[in-house]
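Chemist: Based on what follows, work out the 3D shape:
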Amino acid sequence: MYQDQRKSPRKVYRTKAMLAMDGQPPIGGKTTDVGASGVSISVGDPLAVGQAGQLAFDLLVEGSFVTINTRAKVSYCIFSSGEFKVGFQFLQPDLAAVTALARFMR
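Modeler: The predicted structure follows:
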């Protein structure tokens, strides 16, 4: 049975995302929810738990879009509704990203 291991609350948020996993070409995905320490993104192919890479998506914060562009690590990957739902943990996001995520989560 899958146990939710999230370290922070999440908010539903759907937008396009771009992933560039280490050693692989970039792929597109769609976010399903976002939190201060991570994001869930749906993609067409599975990713390995522990795999790291760069991810980017636009976050709507107080009426303006802020691009979150940070390193992240795969926490889980499950098959659901014909696609793979991948949980990412942010790895040392910059101050601008941390601030935007905190404002979004209020």
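
Chemist: what are the pairing partners of whichever strand in the chain runs longest, and which direction each?
Modeler: Longest strand in the chain by number of residues (criterion: DSSP state E): strand 64-80. Applying DSSP bridges, strand 64-80 is found paired with strand 52-61 (antiparallel), strand 83-91 (antiparallel).

Chemist: just how off-centre is stretch 87-105 within its chain?
Modeler: Counting by C-alpha atoms, centre = their mean, to the nearest Å, stretch 87-105 is centred 10 Å from the centre of its parent chain.

Chemist: Endpoints of that stretch, how far apart?
Modeler: 18 Å (C-alpha to C-alpha, to the nearest Å).

Chemist: Can you list the low-confidence ranges for the chain?
Modeler: 1-7 (pLDDT under 70).

Chemist: Can you tell me the centre-most residue of it?
Modeler: Nearest residue to the geometric centre of the chain (C-alpha atoms, centre = their mean): residue 39, 2.9 Å.
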